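**Student:** this is the structure alone, sequence omitted:
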């Protein structure tokens, strides 16, 4: 019997965050810590500038300009990643060990995650480690109130980096943490003090999961964590979904470590941000509508090991559960 060759997957980290929140500064620091990296920078606007701000020059660097990854250049990301992988495969001396993707400050995260997690060829060649979102301690209150993309970036992040804390007063920082407790209560946070932080801690995502398409889950045998990604094409009753998710988190409290998503419901005019951890579903938070996401809901569950039939269990429960009256 011929054994299939074990394919080495290249780690990918996405850097998100609203305009001016310090993504490129963060990237420069991470490249000092992990110099053997490739970088993809996406900029909004026809004239790319951010690549000129990267201090590390001896790295593979590609710029996608003229739009954001959630719209005009969305179709460019998958081919670019395929080309990078094929070039990597052709080299005996590998040119990089990981990829950082810095998104445009106005990019919504969902299409980027869909590309990385649900493109079958890419998911076998790349290992999505997580999304880091930068949040400005001085400006977040303003842009979170004005721009739904900023809220979505925080809702989908796996790590939040609070920047510009040396320029903010204690009241601003306290107010920001209160706001983050609403939007992303289960997401780890790291405060950057005078530009200093621990890059090793930041890049330690713990559950280095691999999420896949609608009704499938694949173990990542090197670490024991796995993930499923569910899509919902139609709005559903929140009362039904709430019951199903609460029952799920309690029934599998030894295995489900994280739940997050954005869902559309019959009772609300806006999408809801949903977060959950072991045995607990947090209160959902309304998210302003964004035209590019349509009405397609998404849920991601991270588990310790593979729970057989979990995706089917969720979908069956949603079909059978009747709304509360």
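**Tutor:** On my side now, so go ahead. Note that this is a predicted model, so its numbers are computed, not measured.

**Student:** how about stretch 115-127: buried residues?
**Tutor:** 115-119, 122-123, 125-127 (16 or more other Cβ atoms under 10 Å). For every residue, glycine as well, the C-beta is placed using N, CA and C.

**Student:** that one: end-to-end distance?
**Tutor:** The first and last residues of stretch 115-127 sit 12 Å apart, counting by Cα to Cα, to the nearest Å.

**Student:** measure how far it is from the centre of its chain, please.
**Tutor:** 14 Å (Cα atoms, centre = their mean, to the nearest Å).

**Student:** quick check: mean pLDDT of that stretch?
**Tutor:** Mean pLDDT, computed over stretch 115-127, is 88.

**Student:** all further residue positions should be reported with the first residue as 712.
**Tutor:** Okay, residue one is now 712; in that scheme the one you just asked about reads as stretch 826-838.

**Student:** check which helix or strand residue 942 maps to.
**Tutor:** Secondary structure from DSSP states H and E places residue 942 in strand 936-943.

**Student:** beyond that strand, next helix or strand please.
**Tutor:** Counting by DSSP H and E, what follows strand 936-943 is helix 949-962.

**Student:** for that following helix, buried residues please.
**Tutor:** Across helix 949-962, burial judged by 16+ other Cβ under 10 Å covers 949-956, 959-960.

**Student:** between these, which is nearest residue 1018?
**Tutor:** The shortest approach to residue 1018 among these belongs to residue 959, at 9.9 Å (Cβ to Cβ).

**Student:** what helices and strands are in contact with the lengthiest strand in the chain?
**Tutor:** Scanning the chain for the longest strand, with DSSP state E as the assignment, gives strand 837-847. Helices and strands touching strand 837-847, as assessed by 3 or more Cβ pairs under 8 Å, 6 or more residues apart in numbering; DSSP states H and E, comprise strand 721-728, helix 734-744, helix 821-829, helix 859-867, strand 870-874.

**Student:** look up phi and psi at residue 731.
**Tutor:** Torsion angles at residue 731 (phi, psi; degrees, to the nearest 10) stand at phi 80, psi 10.

**Student:** next up, the contacts around it.
**Tutor:** By Cβ atoms under 8 Å, 6 or more residues apart in numbering, residue 731 lies in contact with 816, 847, 850.

**Student:** let me have the buried residues of helix 949-962 in a markdown table, extended by pLDDT and distance to residue 747.
**Tutor:** Compiled in a markdown table, these are given as follows (pLDDT from 0 to 100; distance: Cβ to Cβ, whole Å):
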| residue | pLDDT | distance to residue 747 |
| --- | --- | --- |
| 949 | 94 | 46 |
| 950 | 92 | 50 |
| 951 | 91 | 48 |
| 952 | 93 | 43 |
| 953 | 94 | 45 |
| 954 | 93 | 48 |
| 955 | 92 | 44 |
| 956 | 93 | 40 |
| 959 | 90 | 40 |
| 960 | 90 | 39 |
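
**Student:** shouldn't residue 999 be within a helix?
**Tutor:** No. Assessed with DSSP: H, G, I helix; E, B strand; the rest coil, residue 999 is coil; it does not lie in a helix.

**Student:** where does this protein dip in pLDDT?
**Tutor:** 712-716, 754-785, 917-936, 1002-1005, 1032-1036 (pLDDT under 70).

**Student:** partners of the strand holding residue 942 in the sheet?
**Tutor:** The strands beside strand 936-943 in its sheet (DSSP bridges) come out as strand 929-930 (antiparallel), strand 1008-1015 (antiparallel).

**Student:** residue 942: which of those is closest?
**Tutor:** Between the strands paired with strand 936-943, strand 1008-1015 lies closest to residue 942; by Cβ to Cβ that is 5.8 Å.

**Student:** most neighbours among the contacts of residue 731, which one?
**Tutor:** Counting neighbours by other Cβ atoms under 10 Å, residue 847 comes out on top of these with 25 neighbours.

**Student:** test my guess that it contacts residue 872.
**Tutor:** No. Under the criterion of Cβ atoms under 8 Å, residue 847 is not in contact with residue 872, lying 10.0 Å apart.

**Student:** overlap in contacts, those two.
**Tutor:** residue 733.

**Student:** out of the strands paired with strand 936-943, deepest packed?
**Tutor:** For the strands paired with strand 936-943, the largest average neighbour count (mean count of other Cβ atoms under 10 Å) is found in strand 1008-1015, namely a mean of 21.

**Student:** following the chain onward from it, which element is next?
**Tutor:** Next element after strand 1008-1015 (DSSP H and E): helix 1021-1031.
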